[in-house]
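A.B. asks: quick one: sequence plus predicted model below, questions after.
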Amino acid sequence: MSDTNTIVTVTGASGFVGSWIVCQLLEKGYRVRGTVRGAPDAEKYAFLRDLDGADEGLELVQGELLTAGSYDEAMEGADYCIHTASPYALDVDDPKTDLVDPAVQGTKNVLEAAKKGGVRRVVLTSSMAAITDEPGGDEVLTEEVWNEKSSLGRNPYYYSKTMAERAAWDFAEDCETFDLVVINPFLIVGPSLTPSLNTSNEIFVNLLDGEFPGIIRLTWGMVDVRDVARAHILAMENDGASGRHLCVHHSIDMRELVELLHELGYGDDYSLPGLNLANPIGDFAVKLFSYFESAGTGSYLRTHVGRVPRFDDSKIRAELGLEYLPLQETIGDTLADLKHHGHLPG
Ligand code: NAP
């Protein structure tokens with residue numbers, strides 16, 4: 001479907017996920033208003049202005065999550081809002097002011113502006129962080145599951161996403177002007193339109209740079225950023241879409257990922273981990289070591305090492321018809337792109 005009269009406001013247009021959403025919307029012929037924190041004509045947003053179709057289809061508007069009324073202009077007369085903007089970092093100085101306040105108050109500000117502006121549907125980028133911060137055991141994660149363990153002291157990024165999604169559902173319950181659809185992606189990886197290095201793609205850089213002392217028992221549910229962007233647009237376009245949607249393709253553990261990186265030819269020139277710590281002794285060592293790490297990384301390690309996420313993503317495939325790119329393609333494209341942006345030598 002291509003529709004040159006439909007206006008979609010995308011918050012966080014400069015981000016890893018937001019910029020792919022902008023790119024795919026422009027490809028489909030939508031008129032896009034992307035919100036950015038800095039001056040819209042700043043050089044750092046040139047990569048957005050250079051996207052195909054941006055000349056006619058893209059307008060950049062300033063927006064700051066913590067400033068009330070900041071999104072009013074971006075939302076005025078828009079048909080849809082895709083709200084991706086939120087701080088994404090495991091380690092911050094002050095979890096409340098750096099993560100929770102912008103995520104929660106920012107979501108309320110964006111929804112307030114969407115309501116005033118006449119938006120008819122908001123698609124919110126939530127996260128698996130709002131599902132759980134401690135996967136594992138026999139539990140199969142579904143849209144019914146809510147993270148009830150995170151706090152300012154424990155996995156604060158997860159807490160910020162949980163509180164923000166809850167605030168959005170509370171707001172939407174009393175709002176008659178728009179309906180809310182939520183996407184809950186797991187770890188998003190893939191090629192980046194923005195030159196900056198996303199926290200999730202950093203895993204590849206850390207693995208190849210020799211930051212891990214050995215192969216430890218960490219397992220990630222991964223999804224390609226291009227699939228995540230498609231999921232948001234499908235959620236916007238599909239009248240029947242409702243509720244939350246787990247968005248995750250593969251579960252892959254560190255051993256499998258390291259093997260795949262060797263297969264893709266990244267064994268010789270980089271420092272991939274070799275020592276086998278993927279056993280209960282390794283788990284114990286990682287937990288001990290985690291207390292010497294920064295608070296965010298430490299609590300992430302303690303709640304994730306030795307744990308395997310199991311999930312049921314059938315809703316997003318059945319309701320939205322989402323199909324995922326093959327993992328090999330995602331990882332191959334990610335690594336080529338990390339080199340292209342200078343995040344990896346070679
Ligand atoms: P990102 O590249 O860091 O993008 C975050 C975006 O939010 C950026 O555009 C950033 O603007 C904006 N932002 C942050 N704080 C802001 C503030 N105070 N006011 C206005 N804008 C602000 O991260 P991402 O991976 O694309 O994340 C996008 C969304 O996906 C987030 O909601 C994140 O929680 C969610 N998510 C990410 C993952 C993942 O693995 N990457 C997984 C699940 C969910 P600047 O460019 O100015 O910093």
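C.D. replies: Ah, there it is. Residues are numbered from 1 along each chain as shown.

A.B. asks: what sits against Gly18?
C.D. replies: Neighbour list for Gly18: Val10, Thr11, Gly12, Gly34, Ile82, Thr84, Ala85 [criterion: C-beta atoms under 8 Å, 6 or more residues apart in numbering]. (Glycine included, C-beta is placed from N, CA and C.)

A.B. asks: what kind of secondary structure is the residue lying farthest from the centre of the chain in?
C.D. replies: Going by C-alpha atoms, centre = their mean, the residue of the chain most distant from its centre is Ile281, 32.0 Å out. Three-state assignment for Ile281 (DSSP: H, G, I helix; E, B strand; the rest coil): helix.

A.B. asks: so where's the stretch 1-150 of the chain uncertain?
C.D. replies: Within the stretch 1-150 of the chain, the ranges that satisfy pLDDT under 70 run 1-3.

A.B. asks: rerun at 50
C.D. replies: For the stretch 1-150 of the chain, applying pLDDT under 50 flags the ranges 1-2.

A.B. asks: one step back: distance of the residue farthest from the centre of the chain relative to the ligand?
C.D. replies: 29 Å (C-beta to the nearest ligand atom, to the nearest Å).

A.B. asks: check contacts around that residue.
C.D. replies: With contacts taken as C-beta under 8 Å, 6+ apart, Ile281 has no neighbouring residues.

A.B. asks: and for Asn147?
C.D. replies: Taking C-beta under 8 Å, 6+ apart, we find Asn147 in contact with Ala129, Ala130, Ile131, Thr132, Asp133, Tyr158, Tyr159, Lys161, Thr162.

A.B. asks: verify the stated contact: Glu319 with His245.
C.D. replies: Yes - here Glu319 reaches His245: they are 7.2 Å apart, a contact under C-beta atoms under 8 Å.

A.B. asks: who's more crowded, those two?
C.D. replies: For Glu319 versus His245, neighbours defined as other C-beta atoms under 10 Å are more numerous around His245 (25 against 17).

A.B. asks: burial count for Asp138?
C.D. replies: Here the number of neighbours of Asp138 (other C-beta under 10 Å) works out to 5.

A.B. asks: just give the closest residue to it, not the sequence neighbours.
C.D. replies: Computed as C-beta to C-beta, 6 or more residues apart in numbering, the closest residue to Asp138 that is not its neighbour in sequence is Arg310, at 7.6 Å.

A.B. asks: list the beta-bridge partners for that neighbour.
C.D. replies: Beta-bridge partners of Arg310, counted by DSSP bridges, are Val140.

A.B. asks: look at it and report its pLDDT.
C.D. replies: pLDDT, Arg310: 95.

A.B. asks: surely it is in contact with Leu141?
C.D. replies: Yes - using C-beta under 8 Å, Arg310 is in contact with Leu141, at 6.6 Å.

A.B. asks: can you tell me the element the residue nearest the centre of the chain falls in?
C.D. replies: With the centre of the chain defined as its mean C-alpha position, the nearest residue by C-alpha atoms, centre = their mean is Ile188, 5.5 Å away. Applying DSSP states H and E as the criterion places Ile188 in strand 187-189.

A.B. asks: for the closest residue to Cys23 other than its chain neighbours, helix, strand, or coil?
C.D. replies: Distances taken as C-beta to C-beta, 6+ apart put Leu51 closest to Cys23, at 5.3 Å, once the chain neighbours are dropped. Secondary structure state of Leu51, per three-state DSSP, is coil.

A.B. asks: who touches Leu51 in this structure?
C.D. replies: Leu51 neighbours (C-beta under 8 Å, 6+ apart): Val22, Cys23, Leu26, Leu58, Leu193.

A.B. asks: gap between the second one and the ligand?
C.D. replies: Computed with C-beta to the nearest ligand atom, the distance linking Cys23 and the ligand is 13 Å.

A.B. asks: pretty sure that residue contacts Arg230?
C.D. replies: No - taking contacts as C-beta under 8 Å, Cys23 lies outside contact range of Arg230: 11.0 Å.

A.B. asks: which residues of the stretch 51-200 of the chain lie near the ligand?
C.D. replies: Within the stretch 51-200 of the chain, the positions adjacent to the ligand are 63-66, 84-88, 102, 125, 127, 161, 185, 187-188, 198, 200 by C-beta under 6 Å from any ligand atom.

A.B. asks: got a quick PyMOL command for the buried subset of the residues you listed?
C.D. replies: Buried residues among those (16 or more other C-beta atoms under 10 Å), as a PyMOL selection:
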select buried, resi 63+64+65+84+85+86+87+88+102+125+127+161+185+187+188+198+200
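
A.B. asks: about what we covered before: quick one: buried ones out of the contacts of Asn147?
C.D. replies: Buried members of those, scored by 16+ other C-beta under 10 Å, are Ala129, Ala130, Ile131, Thr132, Asp133, Tyr158, Tyr159, Lys161, Thr162.

A.B. asks: nearest to the ligand, of the residues you listed?
C.D. replies: Of all the buried ones among the contacts of Asn147, the ligand sits closest to Lys161, with 5.5 Å by C-beta to the nearest ligand atom.
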